[in-house]
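Trainee: I'd like to go over a predicted model; first the sequence, then the structure.
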Amino acid sequence: MPTSEYDGNGNGLTRIEVGDDEEGHPTVKAQTIDELHSLQKKKSAPSTPKGTFPASNSVFTEERNKQQLESISASLASLTRESGPKVVKGDPAARKFEGSRVEHVPHQILTPTIAVSDSALKFTHVLYNLSPAELYEQAIKYEKGSFITSTGALATLSGAKTGRCPRDKRVVKDDVTKNELWWGKGSPNIEMDEHSFMVNRERAVDYLNSLDKVFVNDQFLNWDPENKIKVRIVSARAYHSLFMHNMCIRPTPEELENFGTPDFTIYNAGQFPCNRYTHYMTSSTSIDLSLARKEMVILGTQYAGEMKKGLFSLMHYLMPKRQILSLHSGCNMGKGGDVALFFGLSGTGKTTLSTDHNRYLIGDDEHCWSESGVSNIEGGCYAKCIDLSRENEPDIWNAIKFGTVLENVVFDEHFREVDYTDKSVTENTRAAYPIEYIPNVKLPCVGPHPKNVILLACDAFGVLPPVSRLNLSQTMYHFISGYTALVAGTEEGIEEPKATFSACFGAAFIMLHPTKYAAMLAEKMQNHGANGWLVNTGWSGGSYGCGNRIKLSYTRKIIDAIHSGSLLDAEYKKTEIFGLEIPNKVEGVPSEILEPENTWSDKQAYKDTLLKLAGLFNKNFETFTIGENNQVTEEILAAGPIIGDA
Ligand SMILES: Nc1ncnc2c1ncn2[C@@H]1O[C@H](COP(=O)(O)OP(=O)(O)OP(=O)(O)O)[C@@H](O)[C@H]1O
Ligand SMILES: O=C([O-])CC(=O)C(=O)O
Ligand SMILES: [Ca+2]
Ligand SMILES: [Mn+2]
């Protein structure tokens with residue numbers, strides 16, 4: 001092609017030719033813009049996993065695709081109308097490339113019945129296991145409040161709800177579950193009947209089918225290959241799909257091809273409320289679990305944590321049936337193979353302390369302990385972001401990059417730099433990232449039997465020691481109690497700390513009576529010689545308002561001493577009332593803070609606060625010792641605080 005702008009005749013512009021130019025510079029091989037765009041994308045597997053896609057026989061692929069669509073159609077079927085919706089794979093917006101190489105409406109399922117309702121005339125477009133990049137585009141194009149932050153994370157808003165709604169979590173009570181599950185006082189399982197579940201299910205399915213498109217994720221739970229659970233998540237938002245992509249275990253292309261029928265399905269219609277006229281409904285939110293149908297329905301909340309913790313509830317039912325203990329705990333492993341579990345309620349430090357640069361991360365929140373050791377249930381982590389700093393939590397800081405979902409954070413509108421101190425949307429800001437984003441992850445996320453069981457409590461009363469050694473009965477007592485005390489509201493002046501007791505450090509997720517899990521934990525700890533510890537990650541030097549939260553660097557030193565075994569060599573002294581054994585020294589921690597009384601200037605206030613907390617512990621424990629729920633041994637009872645007559 002001539003270098004001159006003009007053609008050989010000296011007038012007019014040269015025409016762009018297709019193919020190589022005369023100097024061998026390649027030019028575009030397209031006749032139209034659409035065609036050009038169609039060249040941009042190479043064909044790939046309709047899934048996200050890493051690794052190479054096996055060359056498969058196209059007839060088989062066609063057949064598998066058909067089966068996959070039939071399965072999705074069955075998932076989305078109304079149970080009262082025609083057999084299932086017409087589903088097609090792919091973004092409806094991609095239709096505009098008609099005639100080009102871009103695949104549009106590649107496969108579809110047509111319901112064979114005669115359409116008797118308008119909903120049967122419509123296609124449901126399914127965006128199946130999209131990649132993070134595709135989900136980013138969907139979120140940014142279609143979901144208000146979705147932005148790319150300066151480090152590449154996807155900032156999203158979860159809507160009106162920025163935390164879970166435990167009072168709206170219902171479980172179908174039927175002939176089986178009425179005997180199997182924990183019901184009544186203290187139980188998280190609020191009952192509903194099967195019919196009401198079906199009403200909500202139909203509402204969710206109709207809502208989802210009324211949309212232009214839905215997202216479907218097929219993924220796994222549990223890294224233990226023998227106890228892997230296949231889950232399908234049907235949702236309306238790219239935010240939800242990317243969140244679950246990060247949080248559940250991502251299938252390989254081969255695993256996805258052979259996925260088959262899921263063991264459990266979530267219908268997340270969170271933008272749509274439940275119907276207040278439906279029996280049992282007490283608000284416009286309902287998160288409903290049917291163990292018989294192996295389904296969960298979400299109406300009236302877009303907070304993605306409901307899906308994560310809904311599946312965790314399911315595991316708290318399924319695993320104990322197989323003699324496997326499910327745990328609300330973080331888990332990591334030292335270079336020498338020593339495993340530690342970190343139990344604790346929300347905000348006590350499971351994610352922060354299990355993410356330890358000197359140890360391998362197995363998981364930050366949900367685990368199983370079976371005969372063969374521990375396994376993570378999830379494929380990702382869910383970290384609190386409030387006041388996050390690079391200095392204190394470098395590995396979590398660095399994990400907030402492309403692919404990570406950042407919920408409800410505030411950022412600079414131009415540079416998109418996140419201000420982690422900003423609580424304008426909520427204090428519960430969160431980052432959800434795939435576990436491989438932590439550099440020293442243990443893959444696969446399994447490990448041997450734990451050596452240390454660390455119970456975390458954020459004691460805003462400031463009376464529990466920063467660390468104490470527990471015997472087995474004390475470990476059980478504190479496990480069943482599940483204590484923490486966070487500060488209720490941090491904005492308006494100083495507020496009283498509020499004690500929270502949540503059995504097994506996760507009453508919101510357990511399905512059976514707490515003593516069932518406690519008995520399993522005791523047996524496992526005894527069989528494998530695990531040591532119990534209570535670590536206060538909360539206040540020191542006074543209650544909230546007076547004292548300060550224990551420095552994270554001190555807590556890390558305490559945890560280091562537990563891991564290394566050096567803390568076992570310290571001298572111990574028993575405290576009054578709680579009878580906790582506290583060490584005289586921990587390397588790197590000022591010895592005077594190890595005994596809380598030392599750090600309080602007002603000794604009487606310390607004593608009063610200690611007695612007050614002991615009273616709250618005792619009162620809470622009555623739930624487990626009185627009436628038909630009395631399944632606690634004398635030994636465990638005696639391991640609680642003893643308030644003398646003085
Ligand atoms: N001494 C301390 N030990 C642990 N965490 C601390 C300490 N001081 C402050 N923190 C902060 O407390 C928070 C602990 O939150 P983390 O995400 O670890 O909670 P979690 O137990 O994983 O809860 P959830 O189950 O809700 O995810 C973090 O924001 C951390 O920075
Ligand atoms: O579920 C959530 O929203 C966060 C979490 O991990 C918990 O509360 O334990
Ligand atoms: Ca966490
Ligand atoms: Mn949690």
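Mentor: The structure has been received and is ready for your questions. Please read all numbers here as calculations on a predicted model, not as lab measurements. Numbers count the residues shown, from 1 in each chain. Ligands and ions are numbered 1, 2, ... in the order given.
Trainee: for the spatially closest residue to Ser283 that is not a sequence neighbour, what are its contacts?
Mentor: Of all residues not flanking Ser283 in the chain, Asp168 sits nearest, at 5.8 Å (C-beta to C-beta, 6 or more residues apart in numbering). For every residue, glycine as well, the C-beta is placed using N, CA and C. Counting by C-beta atoms under 8 Å, 6 or more residues apart in numbering, Asp168 makes contact with Ile190, Thr282, Ser283, Thr285, Ser286, Ile287, Gly300, Thr301.
Trainee: which one of those residues is nearest to Gly337?
Mentor: Closest approach to Gly337 among the contacts of Asp168 (C-beta to C-beta): Ile287, at 38.7 Å.
Trainee: the closest one and Arg170 touch, don't they?
Mentor: Yes. Taking contact to mean C-beta atoms under 8 Å, the distance of 7.0 Å between Ile287 and Arg170 places them in contact.
Trainee: which of these two has more neighbours?
Mentor: The neighbour count for Ile287 versus Arg170, taken as other C-beta atoms under 10 Å, is higher for Ile287 (29 against 24).
Trainee: what about that one, which SS state?
Mentor: Reduced to three states with DSSP: H, G, I helix; E, B strand; the rest coil, the structure at Ile287 is strand.
Trainee: could you do Glu254 as well?
Mentor: Classification of Glu254 by three-state DSSP places it in helix.
Trainee: and whichever residue of the stretch 451-600 of the chain sits closest to ligand 3, what are its phi and psi?
Mentor: When distances are taken as C-beta to the ion, the stretch 451-600 of the chain reaches nearest to ligand 3 at Leu456, 11.1 Å away. For Leu456, the backbone dihedrals (degrees, to the nearest 10) come out as phi -100, psi 130.
Trainee: that one touches Leu341, doesn't it?
Mentor: No. With contact taken as C-beta under 8 Å, Leu456 and Leu341 are classed as non-touching, separated by 10.3 Å.
Trainee: find the nearest non-adjacent residue to the residue of the stretch 451-600 of the chain closest to ligand 3, please.
Mentor: Leaving aside its sequence neighbours, Leu456 sits nearest to Gly344 (C-beta to C-beta, 6+ apart; 3.1 Å).
Trainee: show me which helix runs longest in this protein.
Mentor: Counting residues, the longest helix found in the chain (DSSP state H) is helix 603-625.
Trainee: report pLDDT for whatever residue of the stretch 151-300 of the chain ends up closest to ligand 2.
Mentor: Each residue of the stretch 151-300 of the chain has a distance to ligand 2, by C-beta to the nearest ligand atom, and the smallest belongs to Arg164, at 4.8 Å. Per-residue confidence at Arg164 stands at 95 (pLDDT).
Trainee: give me the nearest residue to it, chain neighbours excluded.
Mentor: The shortest distance from Arg164 to any residue that is not its chain neighbour, by C-beta to C-beta, 6+ apart, is 5.3 Å, and that residue is Gly305.
Trainee: ok, which stretches of the stretch 251-400 of the chain are helices?
Mentor: Per DSSP state H, counting those that start in this stretch, the stretch 251-400 of the chain carries helices over the ranges 253-257, 305-321, 350-354, 394-399.
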